[in-house]
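# fold the following for me, if possible:
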Amino acid sequence: MIQQKSSIVPHPLRQIGGSVVLAIAYYGMAEISRHLASTPQNVTPVWPPDGIAAGAVLLFGSWIGYGVLLGSFLANFWAFRDPTSFLSLVISTLPVLGIAIGTTLGTLLGSFLLRKTTNFHHPLERVPDVFKFLILTGMVGPTINATVGVACLALSGKVPWPAYGTVWLTWWISNVSGIFIVTPILLSWGQFIQKNRHPIRQWLSLSSTSRTQQVGEELVFRDSLLSTGYRERNFFKICLKSASPLPNPHYPLSPEGASPSPIPITPYPQRGPHLPQSPGNLLKFWLIVEAVILMGLVILITKVAFGKGYHLEYMLIPTLIWSAFRLGQPGATLLTFIVAAIAVIATVNGKGGFVSEDLNQSLMQLQSFIGVITLTILVLTATIAERTQAETKLRLAFAELAKTNENLEVRVQERTEELNEKNTTLKQALQTLKRTQLQMIQSEKMSALGQMVAGVAHEINNPVNFIYGNLTHLSEYIQGLFRALQLYQQHYPNPPQTLHTELDKLELEFLQEDLTNILDSMKIGTERISTIVVSLRNFSRLDEAELKAVDIHEGIDSTLVILQHRLQETSDRPQIQLIKEYGQLPLIECNAGSLNQVFMNLLNNAVDGLEESNQGRSFPDILANPNTIWIKTRQIDNNQVKIIISDNGIGIPKEIRSKLFDPFFTTKSVGKGTGLGLFMSYQIVTQKHGGNLWCESTVGKGTKFVIEIPIKAQRIV
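Sure, this is the predicted structure:
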């Protein structure tokens, strides 16, 4: 189950090396078992090599079965070879090869069944998986080993067929015992090393490390011990105050031919001065003390039970249970192996309470003891692991719940903010929609008005031009008639009485003088009409492009011509004085028609303000302090001009000035204003021309509107 992140050795070579190492270990353990744990009748009650084989296949995968085959062949070759001749040596090799094949097949079958039924989980972390391991790997696999192995020995004549059942049972029990004793320790320590390679190296090291790294790795090591059954409550009290629990996932066994992915280990961060100074040192000390105490108890009990002949073998079970709770599954399986090894060695040497005259009875008692302690410890450690995992999952569930609640609060807050933003956006969209609607209405009105003005100007222009052009000819004709009449008077000084009477009625001299005046008045009137028509066309600007370089002064003058009737003297007031202070301005790129509309609105408002200021004042008072409108223009920089339209009216209060450019806001009476003039003027200046429009006013002194627009249009729609 241990996988290196990177290696310079190719994968096939690593597999070959692993198989060779397993074969050596298998053969070495076989030789040790024969020398230390064989009865005088050459019976080995426990066969640990099969435990090594099963553990290796479960840890590394089926590819290492070649090592099982080679190790089993070597272990049995030296036991059953016949060196009498080369032919006999070859023949004696055949059953050995069969035994090796049977051992390999049984080991692979047991491992395959266990993997499939446990979904590649570690088989010692759950109680059901423990029983699956004991049955499938510990009993079913050895069935193949014993069946094939004894059959090969019987076929070769080394075992008589009548003794097949007895030999098969002894073979099977020894394999089962070997798997029960050795395989759990390999699996538990393999998993422990896999999960804690870095922390265990630090834990065993005497070198000093940084405080944060040391505490973090010891916390990870703590959780790994908990996952195998270790429960140190004092350590909980010290460390859980400064660090949250780590998750304890299942660590799967390796699939066929593959190795498990390493799990990254992240140290806990340093939390502050309240972190214990060295909880790892306390943990190391107590682990060492407890391990020494447990080992001393095991030695004491085994010495009394197997050395003195007292039947105290089962007193070892409480000690093993203690190790399960305090040292976890790796420590418990290690002590179980030591106890089982001592029991086997003592029994085969005729010591202990399991020894009897009947060899089979002695072996049965010994193997029953091994089975009981193995089953007890594995079930107990699996139960502890399940409980620890359940506690870890519960802590993680509470942490996840707290995180979910926090995330929920954040999401609710974000959702509330999002709704507020959407409400604000919706309000802005509604305001924009209203403004757009108003702009469309006003634009449509101004478009219709402009078309009407342009049409009226066009229709008036033709007859006015006709009249104006014919007045010159008419004047010439009349002057010619008068000259002809004077010549007649000179050549015919004495006309008939009837003609003389008629000429007296005509008052020829008055007619001649008055007709000339009438023609001059008609000429002045047609010129006036022509000027108004030109002003109307300049004001509407319908025949020009959207943006065009124009003379701003021309637009202002055209607007003043249209408003001339409002500036003239009335019965209530004298004529409004108009003061124009035009600066030297270049042609301005703008929409002349809409900009003339702005001038019209501002000048109309100025006249309205002046008329409102005249209320309660007499004609002489107004004449003494006449109503005045100032129009000033000047260039303020290379791309900006300023137009100021001011008056000396009553002014606008401050609380009203902030609402001047709002749609539908007006201070005029019903029927005299819609509240759209200044709003549309502001939109035209700011949005259509990229300029600025604001108002400055002092109550009782007057009002000033300031327009700033760029010389070059910014193409703002």
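# which SSE is immediately downstream of the helix or strand hosting residue 298?
In this structure, residue 298 is located in helix 279-302 according to DSSP states H and E. The first helix or strand that comes after helix 279-302 along the chain, using DSSP H and E, is helix 316-348.
# tell me the SS of the residue nearest to residue 81 when sequence neighbours are not counted?
Of all residues not flanking residue 81 in the chain, residue 92 sits nearest, at 5.1 Å (CB to CB, 6 or more residues apart in numbering). (C-beta placed from N, C-alpha, C; glycine too.) The three-state label given to residue 92 by DSSP: H, G, I helix; E, B strand; the rest coil is helix.
# I'd like to know how many residues surround residue 92.
17 (other CB atoms under 10 Å).
# now residue 165
By the criterion of other CB under 10 Å, residue 165 has 10 neighbours.
# pretty sure residue 356 sits against residue 364.
No: checked against CB atoms under 8 Å, the pair residue 356 and residue 364 is beyond contact range at 9.4 Å.
# which one's more surrounded, the two?
Ranked by neighbour count (other CB under 10 Å), residue 356 and residue 364 place residue 364 first, with 16 against 13.
# do you know how far that one is from residue 370?
11 Å (CB to CB, to the nearest Å).
# tell me, what's touching these two both at once?
Contact criterion CB atoms under 8 Å, 6 or more residues apart in numbering; residues shared by residue 364 and residue 370: none found.
# residue 650 and residue 619, how far apart?
Separation of residue 650 from residue 619 (CB to CB): 18 Å.
# which one's more surrounded, those two?
With neighbours defined as other CB under 10 Å, residue 650 and residue 619 compare such that residue 650 has more, 19 against 14.
# which SSE is residue 516 in?
Applying DSSP H and E, one finds residue 516 within helix 508-540.
# paired strands for the very next helix or strand once past that helix, with orientation please.
Going down the chain from helix 508-540, the next helix or strand is strand 548-550, by DSSP H and E. Strand 548-550 has these partner strands in its sheet, going by DSSP bridges: strand 588-590 (antiparallel).
# list the buried residues in the helix or strand just after the strand it pairs with.
Note on strand 588-590: by DSSP H and E, the next helix or strand toward the C-terminus is helix 592-613. Residues of helix 592-613 classed as buried by neighbour count (16 or more other CB atoms under 10 Å): 592-603, 605-611, 613.
# same check on stretch 648-665?
Neighbour-count burial for stretch 648-665, counted by 16+ other CB under 10 Å, picks out 648-652, 660-661, 663.
# out of those residues, who's nearest residue 134?
For the buried residues of stretch 648-665, the minimum distance to residue 134 (CB to CB) is 88.0 Å, reached by residue 663.
# state the distance from the closest one to residue 515.
According to CB to CB, residue 663 and residue 515 sit 57 Å apart.
# same question for residue 79.
Distance from residue 79 to residue 515, by CB to CB: 159 Å.
# how about the strands of the protein, start to end?
In the chain, the segments counted as strands under DSSP state E are 548-550, 577-581, 588-590, 628-637, 640-647, 692-698, 702-710.
# just the CA trace of stretch 395-402, in PDB.
Output in PDB follows, covering the C-alpha atoms of stretch 395-402 (Å, rounded to 0.1, in the frame of the first residue of the first chain):
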ATOM      1  CA  ARG A 395     -17.500  16.300  14.200                       C
ATOM      2  CA  LEU A 396     -17.200  16.900  10.500                       C
ATOM      3  CA  ALA A 397     -21.000  17.000  10.100                       C
ATOM      4  CA  PHE A 398     -21.200  19.600  12.900                       C
ATOM      5  CA  ALA A 399     -18.400  21.600  11.300                       C
ATOM      6  CA  GLU A 400     -20.100  21.200   7.900                       C
ATOM      7  CA  LEU A 401     -23.400  22.300   9.400                       C
ATOM      8  CA  ALA A 402     -21.800  25.300  11.000                       C
END
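# average model confidence for that stretch?
Mean pLDDT, stretch 395-402: 89.
# name the residues of that stretch that come out as buried.
Within stretch 395-402, the residues scored as buried using 16+ other CB under 10 Å are 395-396.
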